[in-house]
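1. need a structure here:
(one chain, ligands or ions: 1)
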Amino acid sequence: MGANGFVAGSVLAQAGEGWQIHAVSRGVASARRDQFCWHACDPLVPAQLTQLFQTVKPAAVIHTAALADIDFCQAHPELARAVNVDLTRTLANLCGDFGARLVFCSTDTVFDGEHAPYDEAAQPGPINTYAETKVEAEQIVARLGAQSVIARLSLVVGLPVLGTGNSFLARMIASFADGRPVGATEREVRTPVDVLTVGRALLELAAGDQAGLFHLAGCDRLNRFEIAQQIAARFGYSPYLVVAQPVAAVPGRAARPRDVSLHNAKAVAQLKTPMRTLDEGLSLILKMSQTPAS
Ligand SMILES: NC(=O)c1ccc[n+]([C@@H]2O[C@H](COP(=O)([O-])OP(=O)(O)OC[C@H]3O[C@@H](n4cnc5c(N)ncnc54)[C@H](OP(=O)(O)O)[C@@H]3O)[C@@H](O)[C@H]2O)c1
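-> Below is the predicted model of the structure:
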């Protein structure tokens, strides 16, 4: 679900033999692949999803569709609710009716940012509309019980594998390549995770029998300035292209939590997919970007 998105592209690209994948999207496939069947529909129309479930009878659904732009959600709360909450409710109901597992992508920003690092037992405390909709969606998914997983993703770093979507790394590299400086704040702290690891972990959760909350997060606790500097270094650009920027310098920005570092100990203990440092994640991304697409 949300198949043309950034995270979905990693899932689709890494689902190998043994998977029968049905990609669901509002649009046409941005990359041709023999390994999956593409379904174009409007996911906000419940009847279309019901028909799809009747046709496909999925064993598991990986739900990556969302309005994930924090500032856009703040400015358009009704649309944010329709996509992030109502669509999730429709999918949860259908998964319940059809006996399918549901793996739902949530976010580190469900937390208030004042009590990091957060493990899976920590209480959410959303401070913007996007996070509020995600918390509400988590509560809906949790009611499915053993049939569902809520995967809270940290800041996801990567280049689009298939599709396009929301890749800040692609925008950052484009700026570096043009010699344009990139502003990054030292005030926001995250545990960045690479998109390839996220895709693999979501597939593992879809195929497995785990239930409940999982924090899919990297092993490093870094602020955005440090993240940008590591990226510049690994991609061969000058660290002077990264400029420390106060949060207030960006007008019209919704409130961001200060430090939403996640503990990844549960994922490390229970998943075969290794959680990585940012440097290890960037190595995977660089390797992928140098490998010609098959
Ligand atoms: N990227 C991150 O750093 C990050 C961090 C934490 C959590 N997450 C969560 O991880 C999930 C995937 O994120 P992502 O980075 O892959 O986001 P993305 O690239 O923006 O992809 C989200 C997808 O959702 C679908 N979508 C968007 N607007 C929609 C609408 N109005 N109606 C129906 N579907 C719509 C689109 O899929 P189609 O165009 O194929 O329909 C879109 O490609 C989301 O749940 C997000 O909240 C992401």
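2. up against the ligand, what does the stretch 101-250 of the chain have?
-> With CB under 6 Å from any ligand atom as the criterion, the stretch 101-250 of the chain meets the ligand at residues 105, 107, 153, 155, 156, 165, 166. Placement of C-beta: from N, CA and C, glycine included.
3. nearest residue to the third one in space, ignoring adjacent ones along the chain?
-> In space, residue 153 comes closest to residue 216 once its chain neighbours are excluded; the distance is 5.2 Å by CB to CB, 6 or more residues apart in numbering.
4. wait, the one you found touches residue 203, no?
-> No. Residue 216 lies out of contact with residue 203 (CB atoms under 8 Å); the separation is 11.8 Å.
5. so between the two, which is more surrounded?
-> residue 216 (28 against 22; other CB atoms under 10 Å).
6. so where is the stretch 101-250 of the chain shaky, pLDDT-wise?
-> Residue ranges of the stretch 101-250 of the chain with pLDDT under 70: 248-250.
7. for the ligand, what's the nearest residue on it?
-> Proximity of the stretch 101-250 of the chain to the ligand (CB to the nearest ligand atom) peaks at residue 165, 2.3 Å away.
8. quick one, what contacts that residue?
-> 4, 5, 6, 7, 8, 9 (CB atoms under 8 Å, 6 or more residues apart in numbering).
9. for these, give me CSV that also has neighbour count, secondary structure and pLDDT.
-> Compiled in CSV, the contacts of residue 165 are given as follows (neighbours: other CB atoms under 10 Å; DSSP: H, G, I helix; E, B strand; the rest coil; pLDDT from 0 to 100):
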residue, neighbour count, secondary structure, pLDDT
4, 24, coil, 93
5, 24, coil, 94
6, 26, helix, 94
7, 28, helix, 96
8, 26, helix, 95
9, 27, helix, 93
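10. near the ligand, which of these show up?
-> 4, 5, 6, 7, 8.
11. between those residues, which sits nearest residue 118?
-> residue 7 (20.2 Å; CB to CB).
12. and the closest residue to the closest one other than its chain neighbours, backbone torsions?
-> Nearest residue to residue 7 in three dimensions, chain neighbours excluded: residue 64, at 4.8 Å (CB to CB, 6+ apart). When read as degrees, to the nearest 10, the backbone of residue 64 gives phi -110, psi -10.
13. residues in contact with residue 88?
-> So residue 88 contacts 63, 104, 137, 140, 141 (CB under 8 Å, 6+ apart).
14. do residue 221 as well
-> Contacts of residue 221 (CB under 8 Å, 6+ apart): 116, 117, 189, 190, 191, 261.
15. residues contacting the first one?
-> It stands for residue 116. By CB under 8 Å, 6+ apart, the neighbours of residue 116 are 189, 221, 259, 260, 261.
16. got the phi/psi numbers for it?
-> phi -70, psi 160.
17. related to what we said a few turns ago, buried subset of the residues of the stretch 101-250 of the chain next to the ligand as a PyMOL selection?
-> Buried residues among those (16 or more other CB atoms under 10 Å), as a PyMOL selection:
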select buried, resi 105+107+153+155+156+165
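18. redo the residues of the stretch 101-250 of the chain next to the ligand as CSV? Include distance to residue 133 and secondary structure.
-> As requested, these are exported to CSV (distance: CB to CB, whole Å; DSSP: H, G, I helix; E, B strand; the rest coil):
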residue, distance to residue 133, secondary structure
105, 13, strand
107, 10, strand
153, 15, strand
155, 18, coil
156, 18, strand
165, 18, coil
166, 16, coil
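19. you'd agree residue 134 is up against residue 105?
-> No. Assessed by CB under 8 Å, residue 134 is found out of contact with residue 105, at 9.0 Å.
20. which neighbours do the two share?
-> residue 66.
21. what separation do you get for the residue of the stretch 101-250 of the chain closest to the ligand and residue 266?
-> Here the distance between residue 165 and residue 266 works out to 26 Å (CB to CB, to the nearest Å).
22. the protein: helices as residue ranges?
-> For the chain, the helices defined by DSSP state H cover 6-14, 46-56, 70-75, 77-81, 87-98, 129-142, 168-178, 195-207, 224-234, 265-270, 278-290.
23. buried sites along the fifth one?
-> Taking 16+ other CB under 10 Å as the neighbour-count basis, helix 87-98 is seen to contain the buried residues 87, 88, 90, 91, 92, 93, 94, 95.
24. roughly how far is that helix from the heart of the chain?
-> 20 Å (CA atoms, centre = their mean, to the nearest Å).
25. for that helix, what does the pLDDT average out to?
-> Mean per-residue pLDDT for helix 87-98: 98.
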